[in-house]
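Participant: Test case, fold it:
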Amino acid sequence: MAASSSGAPRGIPDCLKKRHLLHDKEISPELCRQLGEKFLALGWWEDALEFFQKGGVTEGLARLRELAISTGDAHLLTRLGEGDPQVWRQLADTALAQGKLHFAYRALKAAGDEEAAAAVAARLAGPREAQE
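Facilitator: Numbers count the residues shown, from 1 in each chain. All right, here's what the predicted structure looks like:
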């Protein structure tokens, strides 16, 4: 995609237009879906999330949920409002396998697994404690 003069790819609203659209009380769910899909295709998950949430686009939100789990992205799953401890455990396993210790810690805390979270916290703090 070619970039427009605003720096955003063609067909993608710049930050000011995006803010205007997200605060528009009359924006259609279909436009939210279209914009969310465009942002998702670019890998701009946070922007896609905002439009999917605004438009109540459940299938888009479900895809973001799966992306969060498969990439170990605890921040995105938090923004999606996930509450199931099993889902958080699954994300933690993925994050650990990918070396994303901060996300793994956050996911284990959300899953209510304090013991595993403490073990990850020790791994995060390990080299600093060894020096003290």
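Participant: neighbouring contacts of the helix or strand hosting residue 65?
Facilitator: Assessed by DSSP states H and E, residue 65 sits inside helix 58-71. Defining contact as C-beta atoms under 8 Å, 6 or more residues apart in numbering, one finds that helix 58-71 is touched by 33, 36-37, 40, 45, 48-49, 51-53, 73-74, 76-77, 80, 82, 87, 90-91, 94, 98. Using the backbone N, CA and C atoms, a C-beta is placed for each residue, glycine as well.
Participant: can you list the domains in this structure?
Facilitator: The record's domain parsing of the chain by automatic domain parsing lists 1-56, 74-132.
Participant: how far does the last one sit from the chain's center?
Facilitator: Here domain 74-132 shows a centroid-to-chain-centroid distance of 15 Å under the convention C-alpha atoms, centre = their mean, to the nearest Å.
Participant: Lovely, talk soon.
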